[in-house]
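In: The sequence and its predicted three-dimensional model are supplied below.
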Amino acid sequence: MASLVGCGSSESGPVSPLPEEPVSELPEEPVQPNPPTNKLPEPQQNLKALKATAEEYSKDTTAWMEQEGIDCTLEPVQSRHELCEQVRINFTDGQFDSERVDDNQTILVLDREIALQVALRYRSRMKAAYAYDAESNKFVADNPNLLLSGVGAKILSELDKFTFTDVESGESLPGFASAFWLGELGNQYAQRVPQDEFNSETNSHQNAHGNRVIGYMVEFAPRAGFVIIDIRKFRPFEANHELVCQKDSNALLAKFQVAADSLKQDVLQKHGVRFVNYSGSHTADMISDVFNKHCDGLLTIEEASSMLLSLQPLYEVMFNSEDVLGLQSALHEADPLSHALDVIEFDNRLRIASFTTGVHDSQLDKTGEQFWRETASEYADEFNMHETVDMFINTGAETFPKLGSNSTPKMHFDAFGLRYAPDYEKHTSWIAPAATVYALYLQSLQLQADENWAFSPAQLKSIMVPKTCFSNEDDTDFIKGFARQGGDCQLQDPVKFKALELQRIGYLNIE
C-alpha cells in the first residue's frame, strides 16, 4: 500500500510522448528596444556564455558517443561498449553545492520514485534526503539510489557539475545547463541507450511520479535547492498497525506528534525550507486497508477518519508553520470523512488543480481578476471539484488523444533533464509544481522590490489568489455556485505570463 494516492492517477491516458526534435522555446513577450551595445548587461553576458558552453557540450558529447561507438542496443551484449553496463549511483556518492542555489529558495518535496533526479541529475542542488523511521518516529537520513548505464551516469553527472567560463574574469563558474539547450543530446542518448528510459529494478519508466514532479521545479527554478522525503517509506499506519487494530486514535496522535516535531526541527528548520510541494494525500481508505490486512472485526468510516486525523500534527507543520508556504495537489471530490486532511483549511496551504483552455489562449489577466467569469463559464466541466480547490492553473494543452496546445502551454521534461514538450496530461500531481514555481517567482519579485522583505506565506497567497472575484446578482447560477464567499480568484494562468524564475533570470531571452 503506497502512502501517495489520488493525486497522481491519470485522468487522460499514457505518459506524454517526447518530441523527436526539441520543440521551439517558449514565446517571448515584446521587449522595448535598448540602445545599441556590444556588451550584454550582467547577468545576460554570462548567461549567453553559459548557453554557448552548454550547446557546445551537447555537440561534443554527441560526437563522443559517435566516436566511441556507443550503441547499447547491439547484440550480442558482449559487443557493446563497456559504458553500456549498469552502475549503482547512490545519493551519498554526491554532495550538495551551496554555490548553485539561493538559500531563500529551498523547497521540501514529499514524493516517490525520485532517485534519478535526486541522486544523479540534480544531485548538487539537493540539500538532504530523508525517510521516516517508524521505530524512533523521526525523519532520518536516506540514501536514494539507482542503476543506470555508465553512459548515463557520465553525462548526467557532468551536467550536474556543469561549469562555464566567466566572460570578464576568465574564472570557471558553476552554471545550470537548461534542458532547453540540450535537446539533440537528449535525442542521441535516448537512441543509443534506450534501456536507460526504464528502471530495471522497478520495471517502470524513469519519468515516474517524483522524477516528473521534481524535474519541473529544478528546470524552471534554476537556483532552487531541495530537501527530499521519500513518501514510499512513510507508511505511518502500516508501521503502527497494532494501534490501528485497537482503534486507538490518541496513541497514534502521540506518535505522530513526535514525527511532526522531527519534521519541523530536523528538516524544515535545519535546512531553511520556505516551500513544501506535496503531490499526494492520506485518506481513510489507507487505514481501512491496514485494518483489513492485520485486524479482526469491522472498521467504520468514522473510526477510520478519526485515526486519519491523528496525522494532523504533520500537516500543521507543513501547512500552518508561519514561515512556510505549502502547495498540495488537490484531491478530486474530497469529502470530510474519507479525506479529512484535504478538507481542513490550513492557513498556509494552497490546494492546486489544473484546468485547460486547450488550443485557445485564455483571456485571464496576470492576477486572474479579469475574465474569470467568462473562463469559468466556457470551461465549466473542468471545475466539478472546485469546493476543495484553492487555485486552478491553466495547462494550455489538450489531453489525449487530441494533443494540441495553445501558444504558451505548460511544459514537462524527460527524466534526464535533456528534452521537453507540452504537457498533455491532466494530473493534479503535475500542476502542484507549477504553483510552487509560481510562488517562488513571486517571492523573487518581492525581494527585488525590497531586499529586506520578510518571507510571508500569507502575502504570497494573497498575490497568487486575490480576493476580488465576487459574484453578483446578474451572474448565472453556475457562477454564483463557483464563486467563493471570500472572493477568491481561483482561476490563474501564470504559464501564459511566463511567471517563472527561468524567464525572470533571463534564460529564455538569450539571443
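Out: That came through fine.
In: May I have stretch 399-415 as PDB, with CA atoms only?
Out: Below are the C-alpha coordinates for stretch 399-415, written out as PDB (Å, rounded to 0.1, in the frame of the first residue of the first chain):
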ATOM      1  CA  THR A 399      -5.500  15.900 -23.300                       C
ATOM      2  CA  PHE A 400      -5.200  12.600 -25.100                       C
ATOM      3  CA  PRO A 401      -6.000  11.800 -27.900                       C
ATOM      4  CA  LYS A 402      -6.000  15.300 -29.300                       C
ATOM      5  CA  LEU A 403      -2.600  16.500 -28.300                       C
ATOM      6  CA  GLY A 404      -3.000  20.200 -29.200                       C
ATOM      7  CA  SER A 405      -1.900  23.200 -27.300                       C
ATOM      8  CA  ASN A 406      -2.200  27.000 -27.100                       C
ATOM      9  CA  SER A 407       0.700  29.400 -27.600                       C
ATOM     10  CA  THR A 408       2.000  29.100 -24.000                       C
ATOM     11  CA  PRO A 409       1.400  25.500 -22.800                       C
ATOM     12  CA  LYS A 410       2.700  24.100 -19.600                       C
ATOM     13  CA  MET A 411       5.800  22.100 -20.400                       C
ATOM     14  CA  HIS A 412       7.200  18.900 -19.000                       C
ATOM     15  CA  PHE A 413      10.700  17.400 -19.200                       C
ATOM     16  CA  ASP A 414      12.100  14.000 -19.700                       C
ATOM     17  CA  ALA A 415      13.600  12.200 -16.700                       C
END
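In: what about it, average pLDDT?
Out: For stretch 399-415, the mean per-residue pLDDT is 90.
In: Same question for that stretch: list its buried residues.
Out: 399, 405-406, 408-415 (16 or more other C-beta atoms under 10 Å). Placement of C-beta: from N, CA and C, glycine included.
In: cool, stretch 73-85 as well?
Out: The neighbour-count check on stretch 73-85 (16+ other C-beta under 10 Å) flags 80-81, 83-84 as buried.
In: which residues touch the closest residue to Ala260 other than its chain neighbours?
Out: In this structure, Ala260 finds its nearest non-sequential neighbour in Pro313, 3.6 Å apart by C-beta to C-beta, 6 or more residues apart in numbering. By C-beta atoms under 8 Å, 6 or more residues apart in numbering, the contact list for Pro313 reads 253, 256-257, 259-260.
In: Which pLDDT value belongs to Pro313?
Out: 98.
In: Surely it is in a helix?
Out: Yes: residue state for Pro313 (DSSP: H, G, I helix; E, B strand; the rest coil) corresponds to a helix.
In: ok, back up a step: of the contacts of Pro313, which belong to helices?
Out: 253, 256-257, 259-260 (DSSP state H).
In: Among the contacts of Pro313, which one sits closest to Gln459?
Out: Taking C-beta to C-beta as the measure, Gln459 lies nearest Ala260 of the contacts of Pro313, at 25.1 Å.
In: Near His209, how many other residues are there?
Out: His209 has 23 neighbouring residues, counting by other C-beta atoms under 10 Å.
In: pretty sure it is in contact with Leu110, am I right?
Out: No: applying C-beta atoms under 8 Å, one finds His209 not in contact with Leu110, separated by 11.3 Å.
In: what sits in contact with each of the two?
Out: Ser279.
In: other SSEs contacting the lowest-mean-pLDDT helix or strand in the chain?
Out: Sorting the helices and strands of the chain by mean pLDDT, DSSP states H and E puts strand 204-205 at the bottom, at a mean of 86. Here strand 204-205 is seen to pack against strand 198-199 when contacts are counted using 3 or more C-beta pairs under 8 Å, 6 or more residues apart in numbering; DSSP states H and E.
In: which strands and helices sit next to the strand it packs on?
Out: Packing partners of strand 198-199 (3+ C-beta pairs under 8 Å, 6+ apart): strand 204-205.
In: now do 10 Å
Out: Here strand 198-199 touches strand 145-149, strand 204-205, going by 3 or more C-beta pairs under 10 Å, 6 or more residues apart in numbering; DSSP states H and E.
In: Contacts for that strand, please.
Out: 113, 115-116, 146-148, 204-208, 211, 415 (C-beta atoms under 10 Å, 6 or more residues apart in numbering).
In: how about the longest helix along the chain: buried residues?
Out: The residue-count maximum for a helix in the chain (DSSP H) belongs to helix 44-68. If you call a residue buried by 16+ other C-beta under 10 Å, then helix 44-68 has these buried ones: 44, 46-51, 53-55, 57-58, 61-62, 65.
In: How is Thr367 assigned, secondary-structure-wise?
Out: coil.
In: Can you give me the distance of it to Asp285?
Out: 37 Å (C-beta to C-beta, to the nearest Å).
In: circling back to that earlier point, are any of the contacts of strand 198-199 buried, and if so which?
Out: The neighbour count (16+ other C-beta under 10 Å) marks 113, 115-116, 146-148, 206-208, 211, 415 as buried among those.
In: want to try JSON lines for the residues you listed, with distance to Glu322 as columns?
Out: Converted to JSON lines, the buried ones among the contacts of strand 198-199 look like this (distance: C-beta to C-beta, whole Å):
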{"residue": "Glu113", "distance to Glu322": "32"}
{"residue": "Ala115", "distance to Glu322": "33"}
{"residue": "Leu116", "distance to Glu322": "34"}
{"residue": "Leu146", "distance to Glu322": "37"}
{"residue": "Leu147", "distance to Glu322": "42"}
{"residue": "Leu148", "distance to Glu322": "41"}
{"residue": "Gln206", "distance to Glu322": "38"}
{"residue": "Asn207", "distance to Glu322": "36"}
{"residue": "Ala208", "distance to Glu322": "34"}
{"residue": "Asn211", "distance to Glu322": "31"}
{"residue": "Ala415", "distance to Glu322": "36"}
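In: hang on, the earlier thing: identify, from the buried residues of stretch 73-85, the entry nearest to Ala334.
Out: Nearest to Ala334 among the buried residues of stretch 73-85: Cys84, at 46.9 Å, using C-beta to C-beta.
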